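>>> The following block contains a protein sequence and its predicted model.
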Amino acid sequence: MKKCPHCDKVLMASILPQCSWCGGELKENELRKTKEEILQRWEKDKKDNEYRKNLEKHGEEVRKAFERNIRRRL
């Protein structure tokens, strides 16, 4: 865990080069994660969420088609 050199609290991941607690400026080597790492993680999470939504939508379409098939047979 990296701590803020100004207030000694544990740093949170942030794309801003400053402490989330005290607002003190941080150098690149003092950051918990680099801006690029955070942005890559956000992009990955965005893709994962899109995949999950598409999978849920597909599941709903399959369920509706199955229900229509059952209704036709009855």
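Looks like it arrived, so ask away.
>>> Which parts of the chain are helices?
Per DSSP state H, the chain carries helices over the ranges 35-73.
>>> Give me the distance between the residue lying farthest from the centre of it and K64.
What lies farthest from the middle of the chain is L74; by Cα atoms, centre = their mean that is 45.4 Å. Noted for L74: a distance of 16 Å to K64, by Cβ to Cβ, to the nearest Å. (C-beta placed from N, C-alpha, C; glycine too.)
>>> likewise K46?
Taking Cβ to Cβ as the measure, K46 falls 27 Å from K64.
>>> got it, and W42?
To K64, W42 is 33 Å away according to Cβ to Cβ.
>>> Show the contacting residues for L26.
C4, P5, L11, P17, Q18, C19 (Cβ atoms under 8 Å, 6 or more residues apart in numbering).
>>> Make a markdown table from these and add neighbour count to it.
As requested, the contacts of L26 are exported to a markdown table (neighbours: other Cβ atoms under 10 Å):
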| residue | neighbour count |
| --- | --- |
| C4 | 20 |
| P5 | 13 |
| L11 | 20 |
| P17 | 13 |
| Q18 | 15 |
| C19 | 21 |
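>>> Nearest to H58 among these?
Checking the contacts of L26 against H58 with Cβ to Cβ, the nearest one is L11 at 40.3 Å.
>>> Nearest residue to the closest one in space, ignoring adjacent ones along the chain?
Residue nearest to L11 in three dimensions, not counting chain neighbours: R32, with 4.3 Å by Cβ to Cβ, 6 or more residues apart in numbering.
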